[in-house]
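>>> Just to be clear, the model below is a prediction. Sequence and coordinates:
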Amino acid sequence: MRTFARLPLVFGLGNLLLVLACGGGGSGSGAGGSNNPPVVASIYAGGTSTNSSNLPVPVYWNNGALVTLPVPSQYQGGGSVNALSINGNQIIAVGQCNSVLNGGTELTIPGYWLNGVWTGLPPIDISHNASATSIIVTGNDIYIGGWCANPSNVAVPGYWLNGSWIGLPFTSGLSSAVTSINIAVNKVYAGGNDGNNPGYWLNGAWNALPLPVGKDIAWVQSIVIFSGDIYAAGNSYNSGSFVYASGYWKNGIWIGLPPISASSRSNVLSLAAATSGVYVGGWSMDSSKVEVPGYWLNGTWVQLPMLSNSNGGYAASIFVSGNNVYAAGACPNNSGVSSPGYWLNSVWVGLPALTYGGNVKSLVIQ
C-alpha cells in the first residue's frame, strides 16, 4: 500500500484547461494489459518502469509505444520521469536520475531529457538531494519547478528558468517545495508548501492558503488557472490524530472532497478545470482499506475500474479534452504488479511496461 505522500506530479499546460500532467495512450502488453482505443489525438505519457534488475527506468509512451530514456553511466540507481511537455517537435521529460553513493545511499539528481538527451540541473549542494517536479514552457523559456536540499539538508523551494536555479522565500529551517508550476497572463504561479503550510508563490511572493479546519499540515499538489480563477488541489492532515482531508482551494476558499468511506481517507494528485467543471484525480480508500482510483467531478466521486479489486490503483494525472476525460496512473494486477496506463472515459487502456511493471505520472494530449 502506498503512503499518503507528496508526489512530484504537477505541471500546467495549454489554454483550454490546466492539469497536473497530460497524455498517455495506445495499446498495452506485458504488465499493462491491452485495450486499443481509436487514436484521435497524439497521446503522450511519462513515468517509470522497472527493469529485470529491479531498477526504475525513466520512460515515456508515444501513442502507446514505450520509449526508454538513457541514464548516464555515473548514475547507477536508475531514474524517473515526473512531468512532460510537448512543444512542436520537442519532447521534454522532466525528472531525475539516481546516483548510488558509498554505502548504498541514493542521491537524486534533477534534470530533463530533451528529445532523449539528458541535461542535468544544478542543485544548491551537489552532496544533497534535489528534485524536478513540474514543467511549463512559454515561448523559448522553460520553467521547471522543484526543490533543492541545502547544506543543512533543508529542502529549499524554487524553479529552474532555462537551467538557472531561482530560489523562493520560505520559513528558515523548514523544508518546503514547489510541486506544481503554471503561467497565466505573464504571471508565474508555483504551488507547494512553506513548511507545514499550503500555498503558492506568485511572481516570487508567497501567498498562504488557509489550513482546513482541524488540520495542521497541508500542501498544494497541483495549481491551475482557469477563467481568471486560481485552483489549488491538495491534501492535509492532523499530526496528532492523523485525520486526513483532501480537496482544493478556489481563490483561497477550501472545498473538501468526500472520501468513499467516512472513516478512511483520500489522496488528491491532480486537477483539471474546464467549462464542464472541476475534475480532481487521485484515489480514495474504501471500507476494506483498498485505495480505489477515480476522480471527483464538481465534488462527486467517479470511481474508475480496477484490474484487481483487492489491489486498487490511482489516477495521478487528469486531462479533459472536449467530451473526453483522460485519467492516467497505475493499477496493480492480480499478481500485485503495477500496470501503467490510463482510463479514457472510464475504460482502462494498458500501456506496455518492462519486466516489473510501471506507472504513469504525467499525461499530455495534443
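Perfect, I can see it now.
>>> what packs against the one helix or strand residue 61 maps to?
Using DSSP states H and E, residue 61 maps to strand 56-62. Packing partners of strand 56-62 (3 or more C-beta pairs under 8 Å, 6 or more residues apart in numbering; DSSP states H and E): strand 43-50, strand 65-68, strand 79-87, strand 90-100. From N, CA and C alone the C-beta is placed, and that goes for glycine too.
>>> which residue sits closest to residue 193, ignoring its sequence neighbours?
residue 219 (3.8 Å; C-beta to C-beta, 6 or more residues apart in numbering).
>>> Count residues in the vicinity of residue 358, would you?
30 (other C-beta atoms under 10 Å).
>>> dump the residue contacts of it.
Going by C-beta atoms under 8 Å, 6 or more residues apart in numbering, residue 358 touches 31-32, 47-50, 59, 330, 338-340, 351.
>>> Equivalent analysis for residue 69, please.
57-60, 79, 81, 93, 113, 116, 118.
>>> just to revisit the earlier point, among the contacts of residue 358, which one sits closest to residue 73?
Using C-beta to C-beta, residue 59 comes nearest to residue 73 of those, at 18.3 Å.
>>> Can you get me a residue count around the closest one?
Neighbour tally, residue 59, other C-beta under 10 Å: 28.
>>> Check the burial of residue 285 by counting its neighbours.
Residue 285: 21 neighbours (other C-beta under 10 Å).
>>> Could you double-check that it sits in contact with residue 246?
No - Residue 285 lies out of contact with residue 246 (C-beta atoms under 8 Å); the separation is 10.7 Å.
>>> got any residues that touch both of the two?
259, 265-266.
>>> how about the strands in the stretch 201-350 of the chain?
205-208, 217-226, 229-237, 244-250, 253-256, 266-274, 277-285, 291-297, 300-303, 314-321, 324-332, 338-344, 347-350 (DSSP state E, counting those that start in this stretch).
>>> So which of those strands is nearest residue 161?
Per C-beta to C-beta, nearest to residue 161 of the strands of the stretch 201-350 of the chain: strand 205-208, 16.4 Å.
>>> Go ahead and name everything in contact with the closest one.
Here strand 205-208 has contacts from 168-170, 194, 197-201, using C-beta under 8 Å, 6+ apart.
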